[in-house]
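Peer 1: Build the 3D model from these lines:
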Amino acid sequence: MDRIGERLSVLPQPMRDPVLFAIPFFLLLLIIEWTAARKLERLTDESDRPASGAYLTRDSWNSISMGLVSIATMGAWKFLALLGYAALYTYVAPWHLSPRQWYTWVIAIVGVDILFYAYHRIAHRVRLIWATHQAHHSSRYFNFATALRQKWNNSGEIIIWIPLPLLGVPPWMVFTGFSISLIYQFWVHTEHIDKLPRAYEFVFNTPSHHRVHHGMDPEYLDKNYGGIFILWDRLFGTFAPELFRPHYGLTKPVNTFNIWKLQTREYVAIAHDVRAATRWRDRLGYVFGPPGWTPTVAPQSTTVANA
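Peer 2: Numbers count the residues shown, from 1 in each chain. Below is the predicted model of the structure:
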């Protein structure tokens, strides 16, 4: 691992992120899946929903466009985080873990993953954080393009990783751990891979598990938050097996292909609900309650429901 770090150190800083190196492979897999599914485009099944494995060109370009913008926004968030992490690591952490030790990598990758689980679960249960994440769930299609439909506001993840530099994990290893998680999560966005061997399905996140997570069906809502490992969901009671093909998307369908609206629509809905509320506890509920929350007596909410 140390040799890899030395090799990467000769590259300009913007090129050191493993996600950038993975982009050609993302595109290759996307093209392969897209080509295999080209005959399914615009087809629907008996319930008037996208057929299994289908692509819609405009929807896919939406996802790709969001992903390209997210590369820039994520870089900006990482730069801000680096300043804070470096200060915590240098002046607050009681010890510094060596990247030459294998257990430091285990702590970094597993630590990033369990904290991602915590953040992901919060993002589905706190409306303000859901506003940053809901665009990823807005497509009715589930394919490799959907994996690129990333958020532009990574502030929640940046905050949730703070324990790692405090534990002495070098900041660059925190970012590397996140990149590994992000790369892993790309391949689970597909309907072309069925269930894998039971031992693998028990430990790791898989396409079957993640299809459940993207489902808007009542049985699937708020389930399977894991990034690399599905063990966290099994341990903390948020696991659900795939029993039938999910209906994908938000419980209130999105009727736009405008990527700016897809990223900001829930912030606008929150502001509308807060302005319409007459009590402070209702205003706080609209901001910090779960998506879809309404007071017992309140004006009609414009919330984008959870999925």
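Peer 1: Double-check Ala123 against His133; I have them as touching.
Peer 2: Yes - between Ala123 and His133 there is a contact under CB atoms under 8 Å: 4.3 Å. Where C-beta positions appear, they are placed from N, C-alpha and C, glycine not excepted.
Peer 1: So which of those two has more stuff around it?
Peer 2: Higher neighbour count among Ala123 and His133: Ala123, with 24 against 20, using other CB atoms under 10 Å.
Peer 1: Quick one: name whatever helix or strand follows the longest helix anywhere in the chain.
Peer 2: When the chain is parsed with DSSP state H, its longest helix is helix 57-91. Counting by DSSP states H and E, the next helix or strand C-terminal to helix 57-91 is helix 102-125.
Peer 1: List the buried residues for the helix or strand just after that following helix?
Peer 2: For helix 102-125, the following helix or strand on the C-terminal side (DSSP H and E) is helix 127-133. Buried residues in helix 127-133, counted by 16 or more other CB atoms under 10 Å: 127-133.
Peer 1: Return the set of buried residues in the longest helix of the chain.
Peer 2: Using 16+ other CB under 10 Å as the test for burial, helix 57-91 gives 59-60, 62-64, 66-67, 69-70, 73-74, 77-78, 81-82, 85, 88-89.
Peer 1: so Ala147 sits right up against Phe186, yeah?
Peer 2: Yes - between Ala147 and Phe186 there is a contact under CB under 8 Å: 4.7 Å.
Peer 1: out of these two, which sits in the busier spot?
Peer 2: A side-by-side neighbour count of Ala147 and Phe186, using other CB under 10 Å, places Ala147 first with 22 against 17.
Peer 1: Please name the residues that touch that one.
Peer 2: Listed by CB atoms under 8 Å, 6 or more residues apart in numbering, the contact set of Ala147 reads 26, 63, 185-189.
Peer 1: If we use 7 Å, what do you get?
Peer 2: Neighbouring residues of Ala147 by CB atoms under 7 Å, 6 or more residues apart in numbering: 185-186, 189.
Peer 1: What of Asn205?
Peer 2: Counting by CB under 7 Å, 6+ apart, Asn205 has contacts 188, 226-230.
Peer 1: Okay then, goodbye and thanks.
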